[in-house]
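1. Generate coordinates for the sequence data below:
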Amino acid sequence: MVRHFSHPHPLCPFEVEEEQGLTCSGCELNLSGSAYKCNTRSSTCDFYLHKSCFELQRKIQHASHPQHPLILLSSPPSRWGFFFCNACDGSGSSFTYHCKACDFDLHVHCSSLPDNVTRHDHQHPLGLVFSLPKVEDEEEDKYCGVCKTGFKEEFWAYRCKECDYVIHLGCVNAEADDDYYDEVAEEEEEEDEETQQVEDDDHEEAEDEETEEDSDSIIARHIERNTALQMVINNQNARMMRMQQQMMMNNTRRLFQFGL
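-> Numbers count the residues shown, from 1 in each chain. Got it, this is the predicted structure:
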């Protein structure tokens with residue numbers, strides 16, 4: 001039996017069976033291979049760690065944050081109980097490499113991303129970059145070569161310098177999640193229909209308005225219509241953001257599980 005700073009009980013080694021469907025309490029990815037589990041008999045203590053997570057260094061110096069070392073914490077330092085990774089912009093609720101001075105966090109799996117990856121659909125290796133150059137002209141905005149959506153310049157990506165080809169961290173294995181793009185297309189079609197319905201309703205009501213209606217009533221109706229349209233737009237944006245974040249997390253997990 002062994003001890004780990006992140007857990008009060010002794011841990012014992014074991015080999016994970018694929019059908020067990022367990023999750024690592026450190027990196028929050030699917031548990032596989034050699035691992036450790038809590039040795040207490042309590043049925044409420046479901047604590048598991050990959051062997052690699054058990055062996056993580058307590059302090060690292062990372063090239064993305066050279067000014068300070070990063071300290072391994074067993075839980076996020078914020079009172080909300082989660083953090084946002086400065087590499088992938090995904091959230092986490094367990095292990096983080098943290099800089100207190102800068103409020104900087106990395107998922108433990110993002111801290112060990114490979115410097116270079118390859119894709120079958122691109123002729124050159126793609127190098128890990130910690131930010132993208134700022135673009136002044138909107139027409140020059142960079143889009144992911146896989147999912148065709150935009151980038152936040154302050155987050156990491158994989159980039160081909162020769163071709164200026166860029167992809168999200170989570171899109172390295174994106175072809176394994178083709179259903180996602182079908183879902184995006186369906187969502188966009190539904191959003192267009194919702195927006196068109198609001199606009200059609202506005203047009204029909206406008207035709208029915210009597211010319212003698214006072215200006216205050218007209219203004220009130222316009223405010224009501226604009227509010228309804230804005231609610232549709234907000235719902236659309238929220239749905240797309242949730243889907244993109246889920247895609248990023250799913251594909252980033254595949255990146256580490258398949259060792260790419």
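
2. quick one, helices of the chain?
-> 51-54, 178-208, 215-257 (DSSP state H).

3. hey, least reliable of those helices by pLDDT?
-> Lowest mean pLDDT within the helices of the chain: helix 215-257, a mean of 56.

4. wait, what's in contact with the nearest residue to E28 once chain neighbours are set aside?
-> Nearest-residue entry for E28: S94, 5.3 Å, with adjacent residues in sequence omitted and distances by Cβ to Cβ, 6 or more residues apart in numbering. The C-beta positions use only the backbone N, C-alpha and C, and glycine is treated the same way. Listed by Cβ atoms under 8 Å, 6 or more residues apart in numbering, the contact partners of S94 are 25-28, 74-76.

5. of all the residues you listed, which comes closest to H65?
-> Among the contacts of S94, P76 lies closest to H65 (Cβ to Cβ), at 16.9 Å.

6. So for stretch 153-173, mean pLDDT?
-> So the average pLDDT for stretch 153-173 ends up being 88.

7. buried stuff in that stretch?
-> Neighbour-count burial for stretch 153-173 flags 155-160, 165-173 (criterion: 16 or more other Cβ atoms under 10 Å).

8. Please apply the same query to stretch 53-71.
-> Applying 16+ other Cβ under 10 Å to stretch 53-71 flags 53-54, 56, 60, 62, 64-65, 70 as buried.

9. Stretch 18-26 too?
-> For stretch 18-26, using 16+ other Cβ under 10 Å, the buried residues are 24-26.

10. CA atoms of it as CSV?
-> Below are the C-alpha coordinates for stretch 18-26, written out as CSV (Å, rounded to 0.1, in the frame of the first residue of the first chain):
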residue,chain,number,x,y,z
GLU,A,18,-11.9,-2.1,-19.9
GLU,A,19,-15.5,-2.8,-19.0
GLN,A,20,-15.2,-1.2,-15.5
GLY,A,21,-15.9,2.3,-16.9
LEU,A,22,-13.9,4.1,-14.1
THR,A,23,-12.7,7.7,-14.1
CYS,A,24,-9.4,8.9,-12.8
SER,A,25,-9.8,11.2,-9.8
GLY,A,26,-6.8,13.2,-10.9
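
11. what is the mean pLDDT for that stretch?
-> pLDDT averaged over stretch 18-26 gives 87.

12. Check stretch 57-73 too.
-> Averaging pLDDT along stretch 57-73 yields 97.

13. Report the separation between the closest residue to L70 other than its chain neighbours and C144.
-> Distances taken as Cβ to Cβ, 6+ apart place Y97 nearest to L70, at 3.9 Å, with adjacent residues excluded. Distance, Y97 to C144, by Cβ to Cβ, to the nearest Å: 25 Å.

14. What of C53?
-> C53 is 29 Å from C144, by Cβ to Cβ.

15. rewinding a little: okay, Y97 and C144: which has more neighbours?
-> Y97 (27 against 18; other Cβ atoms under 10 Å).

16. and that one, what is it in contact with?
-> Y97 sits in contact with 60, 62, 70-73, 105-108, 111, where contact means Cβ under 8 Å, 6+ apart.

17. how about 7 Å then?
-> 60, 70, 72, 105-106, 108, 111 (Cβ atoms under 7 Å, 6 or more residues apart in numbering).

18. likewise H65?
-> Contacts of H65 (Cβ under 7 Å, 6+ apart): 99, 104.
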